[in-house]
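Student: turn this into a model:
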Amino acid sequence: MKVLGLLGTHNPDGVTSQMLQAVLKGAATSAETELVNLNDYALTPDKPQAKNPDLDKLEAKLLAADVWVLAAPTYIGGLAGVMKNFMDCFRNRIARYNAVGEAVPDRFKNKHYVTISDCYAGGIENYVTGVTDNAFKSMDKFLTMGGLIKLREIVVTNTFGMQQLPAKKRAEGERVGAKAAQKKEKDDSTVKRYIQLFFMIAVMALLTMGIEALIGQVVPLANFWAYYGMFVIIFYVLLASILHFFTVVKHRRR
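Tutor: Numbers count the residues shown, from 1 in each chain. Below you'll find the predicted structure:
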């Protein structure tokens, strides 16, 4: 098992680097680890007749690793340029492309990854406004394009003037690293998702019936169609609220 950390920031000793090192420290309890500073490589896109030799070196490291840990700060609402440049240059290697230009997972398929980002905003502000959302989404899109499986993401907030990573966050990073090093070779969450769906529907149906019973005490539901129509409306509102939470609100990090 090998865990590879990719550091995409201009400050090799900053909070981003400290969190990445914490994750690798946790992983080192049961796996081989390596930290790669992307600033040490001259990364430019491949040319038709000349591949970038530093991209070749990184590709070999990425192929040899089972888990990737990408760490980059959020700058001006987006991913830091060092990491973004790596992803732009490596995009033609992360997957193969079919005849119509669609990315198809290839050599990196079923590897696992952890993402790290940080920002000046406080935890509540980041949760409400999603300051780090674009940074995480950029990394997720790049990695899932290659067929990698996400394990976890870590965010550090309120980093303005911060010189040392808080002990609580350092411990979180070590826990994530230790768990990442124990990942399964291949994930199959189908059964888990069906179980989650079953309980979600069961709870929603129970809430719908309870709300409908309360409404029935105020507005008589005298026939089947009135009862059915009210059930559909309440169920729809609950479903829409839950989907909104899991697709929007839950992805706003603190």
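Student: can you classify the most far-flung residue of the chain relative to its centre as helix, strand or coil?
Tutor: What lies farthest from the middle of the chain is residue 222; by Cα atoms, centre = their mean that is 49.3 Å. Following DSSP: H, G, I helix; E, B strand; the rest coil, we place residue 222 in the coil state.
Student: gap between it and residue 133?
Tutor: Residue 222 sits 48 Å away from residue 133, going by Cβ to Cβ, to the nearest Å. Every C-beta, even on glycine, is put in place using the N, C-alpha and C of the backbone.
Student: now swap in residue 41 and tell me
Tutor: 28 Å.
Student: equivalent analysis for residue 125, please.
Tutor: From residue 125 to residue 133 the distance is 12 Å (Cβ to Cβ).
Student: okay, these two: which has more neighbours?
Tutor: Using other Cβ atoms under 10 Å as the criterion, residue 125 and residue 133 rank with residue 133 on top: 19 against 15.
Student: residue 55: what secondary structure?
Tutor: Per three-state DSSP, residue 55 ends up helix.
Student: from memory it sits against residue 90, does it?
Tutor: Yes - the pair residue 55 / residue 90 is scored as a contact, 6.3 Å apart, by Cβ atoms under 8 Å.
Student: where do the contact lists of those two overlap?
Tutor: The contact sets of residue 55 and residue 90 overlap at residue 43 (Cβ atoms under 8 Å, 6 or more residues apart in numbering).
Student: which SS class is residue 35?
Tutor: Secondary structure of residue 35, per three-state DSSP, is strand.
Student: what's the burial count for it?
Tutor: 17.
Student: which residues touch the nearest residue to it once chain neighbours are set aside?
Tutor: Sequence neighbours aside, residue 5 is the residue nearest to residue 35 in space, at 4.5 Å (criterion: Cβ to Cβ, 6 or more residues apart in numbering). Contact analysis of residue 5 by Cβ under 8 Å, 6+ apart lists 20, 21, 23, 24, 33, 34, 35, 36, 68, 69, 71.
Student: what does the domain assignment say about this protein?
Tutor: Domain ranges of the chain: 2-180, 190-251, per automatic domain parsing.
Student: right, so the ones you listed: which one is the most enclosed?
Tutor: Ranked by mean neighbour count under mean count of other Cβ atoms under 10 Å, the domains of the chain are led by domain 2-180, which reaches a mean of 18.
Student: so for that one, what's the average pLDDT?
Tutor: Taken as a whole, domain 2-180 carries a mean pLDDT of 95.
Student: pull the distance from that domain to the chain's centre.
Tutor: Put simply, domain 2-180 sits 10 Å off its chain's centre (Cα atoms, centre = their mean, to the nearest Å).
Student: quick check: end-to-end length of it?
Tutor: 10 Å (Cα to Cα, to the nearest Å).
Student: the strand or helix carrying residue 70: what's the following helix or strand?
Tutor: According to DSSP states H and E, residue 70 maps onto strand 67-71. With elements assigned by DSSP H and E, the helix or strand that comes after strand 67-71 is strand 74-75.
Student: start to end distance for stretch 163-172?
Tutor: For stretch 163-172, the end-to-end distance is 18 Å (Cα to Cα).
Student: measure the residue lying closest to residue 178 once chain neighbours are set aside to residue 2 for me?
Tutor: Distances taken as Cβ to Cβ, 6+ apart place residue 26 nearest to residue 178, at 4.0 Å, with adjacent residues excluded. In this view, residue 26 and residue 2 are 14 Å apart by Cβ to Cβ.
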